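# Starting from these lines, generate the structure:
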Amino acid sequence: MASEVKVSSPNGEYTLVNIWVITLALKLLLAVGYHSTDFDVHRNWLAITNKLPLSKWYFEDTSQWTLDYPPFFAYFEWALSQLVPSIVKEDGCLDIVSRGQYGLPTIYFQRFTVILSEIVLFWALHWYMQTSKTNDRATFSRSYVVAASLVLSPGLLIIDHIHFQYNGMMYGFLVLMINNARLKNYLWCGFWFALLICFKHIYLYLAPAVFVFLLRSYCLNLKYNKKVNVLINLIRFVRWKNLIKLGLVVIAVFAVAFGPFYDQLPQLFSRLFPFSRGLTHAYWAPNVWAIYSFLDRVLIQVYRNLTLSRYPLQQIFEFNPDLLKDESLIQTSTRGIVGDIEFLILPTITPKLTFYLTLFYQILALLPLFYQPTFRRFIGALTLCGYSSFLFGWHVHEKAILLVIFPISFLVSRDRLLLGPFNLLVSCGYVSLFPLIFTSIEWPIKVVYTVLWYIIFYFNFRKVVSIPKVLEGNILDRVIHGYILGLIPLVAVTTLMDIFENKFEILKRLEFLKLMFYSVYCGIGIISSFNGFSSYYFIYDSLWIDD
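Numbering: from 1, shown residues only. Prediction:
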């Protein structure tokens, strides 16, 4: 792989080889470090797909970590299970048990599969660089900075190689879809996105933008011919041949994925969409609902400690004051890890409301895309669909911030205006992942790696977009930089709370406070990033014209 990831540029060579080698060494060093329960999730999926017939994959529930990804990921786990060496089998890797009992052989094997699967991302970004304009050094430099920033993403290091998942491969498929859209290979664009959804259904968040882009660019013809009658123009409005070809490609992918499960689709879909989960995850994702949950807690304290506030609060929100007498409810870190979440003062949020809010903001992004179906407008809409789903969706995981960071990275290397929202997004987004890794050994790795990544690519992105001196240091930039610098005391304070919680009992009782600090502060930053990006998306049409 390393020997293949080379790209010729007009004045030398840009390559991902060194990046691949260096990151490989770091990932191997992290192999024996901390891993989350997601490790046993995927170990259990290896066992299920290896030991049971396909008809029982989505019914097996010996472990609480039931198979809840689409069929292509189940096939992927099955393929990996065929490669498990005897020593790893004997270690308990393929045992169907309520809780896995395994040692270093299983850990090394599964860590290696993540590293191996991430080659898809390297290959996709290598191809993206290859297909950039090799006769234009500036354009090619931008493609290299984008590729390097994504390959070295702190999010992927934290989530995949410490916490444990297979996001590198998934985002490799996303990059292949994006680059095919750029090259106007519409059928391949549809193929890769359909494949991606059949691997991990969270990418349905981005589906509206992909659907509108392919429909408008490939399947519709909006040119009106005055020389023929209205009926003929209506018939020609749809490029029927293209529509049929694209439809067959997408249907074929889904048929291969879901066809073998045709008689158990209700069970499969119940696993994919467990709506019984609450509004927020155990650790609030830094979105609108984190702010909403925080506000509910603030109002609880206001109500309990300021007598004069009780009457107006009851009149405004019409809540049950008797609930505020139950200390167990007030002290619970999150009401709704599983089950319906309830707020004590603010109105309860329903899944239907989150769906309507998400859909509303996505439709707003899709209207300009339908009118102007350029590649850059498509990536802008893709980014806003990711933003909307992350900020307003139901039971959003903090890891979903990568759904926004990856698409936006393909835009910021050309336009200086987008650097502000981008810097705010990546700094708050990556720092919000820190609580996923709480062990002392991995702490300096996640912090130092993220800080170095930010510094390196802060200057590299500014270099390739050539920001004029007169525009540096404007008021908005200073506000953004000040907010980003505020992440330093946030991390410092929460780290000190970690260090001293064993010495002070009160810090143990305030354990969730650290998560709340991260969620609220980073949530404000990401919401601000969304607002900034949205303003540029809807106001500056020139930003969205292709080169």
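
# So which elements touch the one helix or strand residue 352 maps to?
Assigned by DSSP states H and E, residue 352 belongs to helix 351-371. Helix 351-371 sits against helix 207-214, helix 375-392, helix 511-539, with contacts defined as 3 or more CB pairs under 8 Å, 6 or more residues apart in numbering; DSSP states H and E. Glycine gets a C-beta too; all of them are placed from N, C-alpha and C.

# Render the CA-only coordinates of it in CSV, please.
The C-alpha trace of helix 351-371 is given here as CSV (Å, rounded to 0.1, in the frame of the first residue of the first chain):
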residue,chain,number,x,y,z
PRO,A,351,-38.7,12.1,18.3
LYS,A,352,-41.2,13.7,15.9
LEU,A,353,-40.1,17.2,16.8
THR,A,354,-36.4,16.3,16.3
PHE,A,355,-37.3,14.8,12.9
TYR,A,356,-39.2,17.9,11.8
LEU,A,357,-36.5,20.2,12.9
THR,A,358,-33.8,18.2,11.2
LEU,A,359,-35.9,17.9,8.0
PHE,A,360,-36.7,21.7,8.0
TYR,A,361,-33.0,22.7,8.1
GLN,A,362,-32.1,20.1,5.5
ILE,A,363,-34.8,21.2,3.1
LEU,A,364,-33.5,24.8,3.5
ALA,A,365,-30.0,23.5,2.4
LEU,A,366,-31.5,21.5,-0.5
LEU,A,367,-33.3,24.3,-2.2
PRO,A,368,-30.2,26.1,-3.4
LEU,A,369,-28.7,22.8,-4.4
PHE,A,370,-31.7,22.0,-6.6
TYR,A,371,-31.3,25.5,-8.3
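
# buried stuff in that helix?
Buried residues in helix 351-371, counted by 16 or more other CB atoms under 10 Å: 351, 354, 357, 358, 361, 362, 365, 366, 368, 369.

# do the same with stretch 120-139
120, 121, 122, 123, 124, 125, 126, 127, 128, 129, 132, 139.

# try stretch 177-186
Buried residues in stretch 177-186, defined by neighbour count with 16+ other CB under 10 Å: 177, 178, 179, 180, 181, 182, 186.

# what's the answer for stretch 209-229, then?
Within stretch 209-229, the residues that count as buried by 16+ other CB under 10 Å are 209, 210, 212, 213, 214, 215, 216, 217, 218, 219, 220.

# Tell me which of the helices and strands packed on helix 351-371 approaches residue 504 most closely.
Nearest to residue 504, of all these, is helix 511-539, at 11.7 Å by CB to CB.

# Tell me which other helices or strands the closest one touches.
Contacts defined by 3+ CB pairs under 8 Å, 6+ apart place helix 511-539 against helix 288-305, helix 351-371, helix 375-392, helix 419-431, helix 475-485, helix 487-500.

# quick one, the fifth one and helix 419-431 angle?
Angular relation of helix 475-485 and helix 419-431 on a 0 to 180 degree scale: 10 degrees, by axes from the mean of the first three to the mean of the last three CA atoms, to 10 degrees.

# Over helix 475-485, what's the mean pLDDT, rounded is fine.
Mean pLDDT, helix 475-485: 91.

# for the buried residues of stretch 177-186, which one is nearest residue 504?
Within these, proximity to residue 504 (CB to CB) peaks at residue 178, which comes in at 48.8 Å.

# Report the contact partners of that closest one.
Residues in contact with residue 178 (CB atoms under 8 Å, 6 or more residues apart in numbering) are 128, 379, 382, 407, 410.

# can you tell me how far it sits from residue 273?
Distance, residue 178 to residue 273, by CB to CB, to the nearest Å: 26 Å.

# Do I have it right that residue 511 meets residue 502?
No. Assessed by CB atoms under 8 Å, residue 511 is found out of contact with residue 502, at 11.6 Å.

# Which one's more surrounded, those two?
Taking other CB atoms under 10 Å, residue 511 and residue 502 do not tie; residue 511 has more neighbours (12 against 9).

# Run a quick neighbour tally on the closest residue to the more buried one other than its chain neighbours.
Take residue 511 and drop its neighbours on the chain: the residue closest to it by CB to CB, 6 or more residues apart in numbering is residue 501, 7.0 Å away. Around residue 501 there are 16 other residues, counting by other CB under 10 Å.

# For residue 501, which residues are in contact?
Going by CB under 8 Å, 6+ apart, residue 501 touches 507, 508, 511.

# How far off centre is stretch 106-125?
18 Å (CA atoms, centre = their mean, to the nearest Å).

# ah, wrong one, I meant stretch 363-377
Offset of stretch 363-377 from its chain centre (CA atoms, centre = their mean): 21 Å.

# Stretch 477-486 too?
Between the centre of stretch 477-486 and the centre of its chain there are 24 Å (CA atoms, centre = their mean).

# Using PDB, write out every CA atom in it.
Output in PDB follows, covering the C-alpha atoms of stretch 477-486 (Å, rounded to 0.1, in the frame of the first residue of the first chain):
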ATOM      1  CA  ASP A 477     -11.400  36.000  13.600                       C
ATOM      2  CA  ARG A 478     -10.400  37.300  17.000                       C
ATOM      3  CA  VAL A 479     -13.600  36.200  18.600                       C
ATOM      4  CA  ILE A 480     -13.300  32.700  17.000                       C
ATOM      5  CA  HIS A 481      -9.700  32.400  18.100                       C
ATOM      6  CA  GLY A 482     -10.600  33.600  21.600                       C
ATOM      7  CA  TYR A 483     -13.300  31.000  21.900                       C
ATOM      8  CA  ILE A 484     -11.000  28.300  20.600                       C
ATOM      9  CA  LEU A 485      -8.300  29.300  23.200                       C
ATOM     10  CA  GLY A 486     -11.100  28.900  25.800                       C
END
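
# contact partners of it?
Residues outside stretch 477-486 that contact it (CB under 8 Å, 6+ apart): 420, 423, 424, 427, 428, 521, 525, 528.

# Flag every buried residue along it.
Within stretch 477-486, the residues that qualify as buried are 480, 481, 483, 484, counting by 16+ other CB under 10 Å.

# Make TSV out of those and add distance to residue 313.
Compiled in TSV, the buried residues of stretch 477-486 are given as follows (distance: CB to CB, whole Å):
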residue	distance to residue 313
480	35
481	38
483	30
484	35
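
# Out of these, which two sit at the greatest distance?
Within these, 481 and 483 form the most distant pair, 7.3 Å apart (CB to CB).

# Considering the buried residues of helix 351-371, which is situated nearest to residue 88?
Closest to residue 88, out of all of those and judged by CB to CB, is residue 351, at 40.6 Å.

# ok, that closest one to residue 490 distance?
With the distance defined as CB to CB, residue 351 ends up 31 Å from residue 490.
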